[in-house]
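Enquirer: I need the structure of the sequence given here:
(chains A and B, ligands or ions: 1)
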Amino acid sequence: MHSKNTLFIDCKEAVRICDKAQYDEAGLWEKFKLRLHHAYCSSCRKHSVKNGELTKLCDKANLKCMDPAKKKALKDEIRSACSKES
Amino acid sequence: MPSSKLNPELWVDRYADYLFNYTISRVNDPVMAEDLVQETFLAGLRSAKGFKGDASERTWLIAILKRKIIDYYRKNNSAKGKAEVKINFSNNEDEGDWLEEKVADQFDITAEDAMENEELALIIEDCLSKLPPKQAAVFRMKTIQGMETEDICKELKITPSNLWVIIHRARTSLMSCLEENWF
Ligand SMILES: [Zn+2]
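Expert: The predicted structure follows:
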């Protein structure tokens, strides 16, 4: 339950907005409230810096993942090969 | 790694993306990389009896994968010309001769960067593999596959606030894991 009209948010809400912001999913109003929160809460401010760094590192690493369908097929293949053996 | 037993049923969840990232920085072709990972797992299954348990499961699979990548380059060498092979077997006694570092011209300047980024990718994968599977899965969908929040919620049957709690836990663990291993 997050009241949209509260100007002052708690740390839990601040952290939630900060995470959303890492994926460009925080709204303008949310970002404003977050900035306001950071003005007086140093622990959220520190967390936010680290969170942003993680985002940068993930971008830099250019992580890839295998196609989920391919993974599933491979899992099934391994499972059936294992059950044949035992 | 004290466990000396293989758990093939868990290979895909535990190592597929790690091996995939390892491969893709070497073969530069996602479809081929997937095939090589698949071949590696199947070869691992076939030679499971040869696993002595003195290396971790992942190290053992990487050793198989390295051989697969070399085979791939042998087959494609003529066609590909200046293939980029960055495989270092210096820590692998039986194939010590295989020290091949041919880096294509266009990679010269960025090679160091690319290597650093690859190392970073593998460290992040390593950190991800230490998370509870669901956290890792949600983080992958959101961060790596770039899926919409709504789609992930639908697929996993969770609410958006669940999703953000999971993402938060995953990110917090990743931050401390990276602090230990990267900075
Ligand atoms: Zn706070």
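
Enquirer: okay, now the domains of chain B?
Expert: Chain B breaks down by automatic domain parsing into domains covering B:1-87, B:91-183.

Enquirer: For the ion, which of the ones you listed is the nearest?
Expert: With CB to the ion as the criterion, the ion lies closest to domain B:91-183 of these, at 13.4 Å. Every C-beta, even on glycine, is put in place using the N, C-alpha and C of the backbone.

Enquirer: ok, which stretches of chain A are helices?
Expert: Ranges of helices in chain A, per DSSP state H, are A:11-22, A:28-40, A:42-61, A:68-85.

Enquirer: Kindly report the same for chain B.
Expert: Using DSSP H, helices in chain B cover B:8-27, B:30-46, B:57-80, B:111-129, B:133-139, B:149-156, B:160-181.

Enquirer: Please see if the longest one touches chain A.
Expert: Meaning helix B:57-80. No: Helix B:57-80 stays clear of chain A (CB under 8 Å from any CB of the partner chain), getting no nearer than 12.1 Å.

Enquirer: could I get that helix in CSV with only the CA atoms?
Expert: What follows is helix B:57-80, C-alpha atoms only, in CSV (Å, rounded to 0.1, in the frame of the first residue of the first chain):
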residue,chain,number,x,y,z
GLU,B,57,32.0,-29.9,-11.6
ARG,B,58,32.2,-26.6,-13.4
THR,B,59,35.9,-26.7,-13.9
TRP,B,60,35.5,-30.2,-15.3
LEU,B,61,32.8,-29.0,-17.7
ILE,B,62,34.8,-26.0,-18.8
ALA,B,63,37.7,-28.3,-19.7
ILE,B,64,35.4,-30.3,-21.9
LEU,B,65,34.0,-27.1,-23.4
LYS,B,66,37.5,-25.8,-24.2
ARG,B,67,38.2,-28.9,-26.2
LYS,B,68,34.8,-28.4,-28.1
ILE,B,69,35.8,-24.8,-28.9
ILE,B,70,39.1,-25.9,-30.2
ASP,B,71,37.5,-28.6,-32.4
TYR,B,72,35.1,-25.9,-33.7
TYR,B,73,38.0,-23.7,-34.7
ARG,B,74,39.9,-26.6,-36.3
LYS,B,75,36.9,-27.3,-38.4
ASN,B,76,36.3,-23.7,-39.3
ASN,B,77,39.8,-22.5,-39.5
SER,B,78,40.1,-22.5,-43.3
ALA,B,79,36.8,-20.8,-43.7
LYS,B,80,37.2,-18.2,-41.0
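
Enquirer: Throw the helices of chain B into JSON lines and include distance to the ion, mean neighbour count and mean pLDDT, thanks.
Expert: Formatted as JSON lines, those follow (distance: least, CB to the ion, whole Å; neighbours: other CB atoms under 10 Å in any protein chain shown; pLDDT from 0 to 100):
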{"stretch": "helix B:8-27", "distance to the ion": "33", "mean neighbour count": "21", "mean pLDDT": "92"}
{"stretch": "helix B:30-46", "distance to the ion": "41", "mean neighbour count": "19", "mean pLDDT": "95"}
{"stretch": "helix B:57-80", "distance to the ion": "38", "mean neighbour count": "16", "mean pLDDT": "85"}
{"stretch": "helix B:111-129", "distance to the ion": "25", "mean neighbour count": "17", "mean pLDDT": "88"}
{"stretch": "helix B:133-139", "distance to the ion": "23", "mean neighbour count": "19", "mean pLDDT": "93"}
{"stretch": "helix B:149-156", "distance to the ion": "23", "mean neighbour count": "14", "mean pLDDT": "96"}
{"stretch": "helix B:160-181", "distance to the ion": "13", "mean neighbour count": "17", "mean pLDDT": "95"}
